[in-house]
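Enquirer: coordinates only, sequence not included:
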C-alpha cells in the first residue's frame, strides 16, 4: 500500500515544494518510488499555479533537485487522501488543524521538525522568502534531514 505524504507551507512556493522535490529524489534513489505518493500545498492560495520561488529552485538545483511543482492550496479532500500531512511551522500546523474536517484527519498532521535529527534546537522550518542565500541553504539542510527521517520512519513501519 502506498504511503501518501503532503508537505504544507504558507504559499507552496518555497519550503513545501522543496520538501516534495527532496523526498521524491530520495525515494527514487532508494528505488522505492512506487511505494510513495508525494505532493505539496499551501495554506494560502495566492500563488496558485506558480512554480516555486526562483531562488529556491536555484538553491535546490545546485543540490541536484528539480522543483517543478505548481503551487496549489490545501483542500478538504487532501485530509482524506494523504496519510501524513507535514507542516513547516506552527502557523501552518494550526491552520491545518482548523481546516481538518475531523479528529481523525487532524491526527495525520505533524511538524517537519519532528523528523529532523540534526537540528534539535529548531522548533520549525523558517520561511526563507525574506532571507538571503543562507536562509535558503538552511531550509534545504533542514528539509534534507527531515525527509531522511520521514523515509526512515515510513520504511521501517512496513
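Expert: Ah, there it is. Every value quoted in this text rests on a predicted model; they were computed, and no experiment measured them.
Enquirer: Helices along this structure, start to end?
Expert: 15-30, 54-62, 76-81, 90-99, 103-106, 133-157 (DSSP state H).
Enquirer: tell me which residues of the last one are tucked away?
Expert: Buried residues in helix 133-157, defined by neighbour count with 16 or more other Cβ atoms under 10 Å: 135-136, 138-140, 142-151, 154. For the C-beta atoms, the positions are set from N, CA and C on the backbone; glycine is no exception.
Enquirer: is it possible to export the helices of the chain to a markdown table including mean pLDDT and distance to residue 6?
Expert: As requested, those are exported to a markdown table (pLDDT from 0 to 100; distance: least, Cβ to Cβ, whole Å):
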| stretch | mean pLDDT | distance to residue 6 |
| --- | --- | --- |
| helix 15-30 | 97 | 8 |
| helix 54-62 | 97 | 18 |
| helix 76-81 | 97 | 6 |
| helix 90-99 | 98 | 10 |
| helix 103-106 | 97 | 12 |
| helix 133-157 | 95 | 12 |
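Enquirer: From the buried residues of helix 133-157, pick the one nearest residue 1.
Expert: In terms of Cβ to Cβ, no member of the buried residues of helix 133-157 lies closer to residue 1 than residue 154, at 11.3 Å.
Enquirer: Do me a favour and get the end-to-end distance for stretch 36-48?
Expert: End-to-end span of stretch 36-48 (Cα to Cα, to the nearest Å): 24 Å.
Enquirer: And for stretch 43-58?
Expert: 24 Å.
Enquirer: Settle this for me: residue 73 is touching residue 42, isn't it.
Expert: Yes - under the criterion of Cβ atoms under 8 Å, residue 73 makes contact with residue 42 at 5.8 Å.
Enquirer: Identify the residue nearest residue 30 in space, chain neighbours excluded?
Expert: residue 151 (7.1 Å; Cβ to Cβ, 6 or more residues apart in numbering).
Enquirer: Next up, the contacts around that neighbour.
Expert: When contacts are counted by Cβ atoms under 8 Å, 6 or more residues apart in numbering, residue 151 touches 23, 26, 27, 30.
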